[in-house]
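J.: Sequence first, predicted model second:
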Amino acid sequence: MKAICVVQPNTIEIQERPIPVITEPDQVLIKVKAAGICGSDMHIYHGTSPVATYPRVIGHEIAGEIIEKGNQVTAFNTGDHFVLDPVIHCGTCYQCKIGRRNVCSKLLVRGVHVDGGYQEYLVLPEKSIHIIPKKLSWNEAVMIEPFTIAEQVCSRAEIVSSDVMFIMGAGPVGLSILKLAKLYGVTCYISDIQEHRLALAKSYGADEVLHASKENVSERIKALTNGNGATIVVDAVCSVSSFEMTLDYVCAAGKIISLGFNTNPSAIAQLKITAREIDIRGSRLHNNKFPKVINHFISEKLQVKDMVSHVFTFEEIHHAIELIEDPKIMNGKVVLTF
Ligand code: MN
């Protein structure tokens with residue numbers, strides 16, 4: 001079988017490997033059908049992920065079909081469709097015991113610390129997959145994992161429908177958060193510096209879109225919120241300065257959600273946090289969000305077909321990367337088929 005491996009930063013290869021075999025009774029052998037390319041995959045490819053190790057088969061937005069199962073697997077059958085859960089947790093540390101498995105002290109992420117899903121076949125323990133209905137297309141299925149990220153943001157922000165959320169950045173993550181927050185009835189404003197992304201945001205239900213390089217964002221947010229600020233600010237730009245700016249947009253007693261893995265420090269005055277009792281919360285991966293997100297897909301409340309813009313076969317990985325990195329080509333989620 002073939003696997004897409006980042007051998008070292010900036011070197012990606014399609015390698016020939018033996019088809020993996022089931023060695024434990026709780027495992028399943030799966031045929032990968034489709035895989036999304038995520039910003040974090042691109043960071044691992046370019047060596048700009050602070051957490052990845054090499055060589056690495058990347059890919060964590062994975063959907064496929066079970067073709068064989070170990071004799072202790074009872075919940076799933078061959079032929080079932082599934083999505084991969086990238087989070088591997090120990091279950092015994094402090095964080096796992098208080099129900100925060102996604103920040104487990106021994107956390108491993110498939111496609112980051114251990115091999116992921118850009119390969120034709122994969123053996124996984126049954127606890128690492130979630131069954132999905134066959135009515136979902138493979139393209140829809142790869143959007144499930146990105147929405148677990150959005151669900152985690154909404155959960156960390158403890159959103160209620162009266163919230164006013166300002167999402168900074170209308171890339172794939174920002175737009176997923178927007179779609180989900182609108183599903184929960186939240187008022188959403190979103191900013192970006194690219195017109196086509198703002199147009200997309202508008203079509204996904206954004207209440208207002210802000211062009212961050214053409215208008216004074218701080219003044220506009222104040223004007224939209226009677227001078228108070230947004231109750232939740234989500235930093236999906238993840239730059240040094242975007243994180244600093246969140247404090248200008250959030251209201252007193254509001255929450256800031258950080259998604260970035262930037263290792264460079266931002267300069268934030270204590271007064272801005274303390275005097276207005278701002279909560280700044282990180283949001284990483286997801287904490288058991290697959291069942292909830294799969295239900296949104298099953299109920300058809302969440303429509304994602306319009307989010308996949310390009311599909312390539314996995315052998316075309318280099319073309320797919322070129323397209324993602326060409327700023328002239330507008331792209332949403334890029335999917336590889338296997
Ligand atoms: Mn992802």
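T.: Looks like it arrived, so ask away.

J.: rest of the way, CA atoms for contacts and neighbours
T.: Will do.

J.: wait, what's in contact with residue 132?
T.: 80, 81, 82, 83, 141, 294 (C-alpha atoms under 8 Å, 6 or more residues apart in numbering).

J.: and the two most separated of those?
T.: Based on C-alpha to C-alpha, the longest span within those runs between 80 and 294 and measures 14.7 Å.

J.: of these two, who's got more company?
T.: Using other C-alpha atoms under 10 Å as the criterion, residue 80 and residue 294 rank with residue 294 on top: 22 against 16.

J.: Name the SS class of that one, please.
T.: Secondary structure assignment for residue 294 (DSSP: H, G, I helix; E, B strand; the rest coil): helix.

J.: what stretches of the stretch 51-200 of the chain score poorly on pLDDT?
T.: Within the stretch 51-200 of the chain, not a single segment meets pLDDT under 70.

J.: Let me know the helix or strand that the spatially closest residue to residue 37 that is not a sequence neighbour is in.
T.: Leaving aside its sequence neighbours, residue 37 sits nearest to residue 334 (C-alpha to C-alpha, 6 or more residues apart in numbering; 5.7 Å). Using DSSP states H and E, residue 334 maps to strand 333-337.

J.: so what does that strand touch, helix or strand wise?
T.: Applying 3 or more C-alpha pairs under 8 Å, 6 or more residues apart in numbering; DSSP states H and E, one finds that strand 333-337 contacts strand 27-37, strand 308-313, helix 317-325.

J.: Give me the sheet partners of that strand and which way each runs.
T.: strand 27-37 (antiparallel), strand 308-313 (parallel) (DSSP bridges).

J.: Any chance of CSV for these, columns distance to residue 169 and mean neighbour count?
T.: As requested, the strands paired with strand 333-337 are arranged in CSV below (distance: least, C-alpha to C-alpha, whole Å; neighbours: other C-alpha atoms under 10 Å):
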stretch, distance to residue 169, mean neighbour count
strand 27-37, 18, 25
strand 308-313, 18, 16
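
J.: how about those strands, which one is nearest residue 89?
T.: strand 27-37 (16.6 Å).

J.: Name the residues that touch that closest one?
T.: 20-22, 59-70, 73, 117-126, 138-139, 142-143, 333-338.

J.: And stretch 301-317, end to end?
T.: 32 Å (C-alpha to C-alpha, to the nearest Å).

J.: ok, now stretch 6-19?
T.: Chord length of stretch 6-19, first to last residue, is 19 Å (C-alpha to C-alpha).

J.: which stretches of the stretch 51-200 of the chain form helices?
T.: 94-97, 138-142, 144-156, 172-183, 195-203 (DSSP state H, counting those that start in this stretch).

J.: Mind splitting this structure into its structural domains?
T.: In terms of domains, the chain is parsed into 2-143+304-337, 153-282 (source: automatic domain parsing).

J.: could the contacts of residue 132 be laid out in JSON lines, adding distance to residue 312?
T.: Formatted as JSON lines, these follow (distance: C-alpha to C-alpha, whole Å):
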{"residue": "80", "distance to residue 312": "24"}
{"residue": "81", "distance to residue 312": "21"}
{"residue": "82", "distance to residue 312": "20"}
{"residue": "83", "distance to residue 312": "19"}
{"residue": "141", "distance to residue 312": "16"}
{"residue": "294", "distance to residue 312": "24"}
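
J.: And residue 201, how far from residue 187?
T.: To residue 187, residue 201 is 13 Å away according to C-alpha to C-alpha.

J.: oh, I was asking about residue 316
T.: According to C-alpha to C-alpha, residue 316 and residue 187 sit 40 Å apart.

J.: Between these two, point out the one with more neighbours.
T.: Under the criterion of other C-alpha under 10 Å, the comparison of residue 316 against residue 187 puts residue 187 first, with 20 against 13.

J.: Show me what that one is bridged to.
T.: residue 164.

J.: Pretty sure it sits against residue 207.
T.: Yes. If you go by C-alpha atoms under 8 Å, residue 187 and residue 207 touch, sitting 6.4 Å apart.

J.: sorry, back to before: may I see the strands paired with strand 333-337 arranged in CSV, with mean pLDDT and distance to residue 226 as well?
T.: Output for the strands paired with strand 333-337, formatted as CSV (pLDDT from 0 to 100; distance: least, C-alpha to C-alpha, whole Å):
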stretch, mean pLDDT, distance to residue 226
strand 27-37, 98, 40
strand 308-313, 97, 37
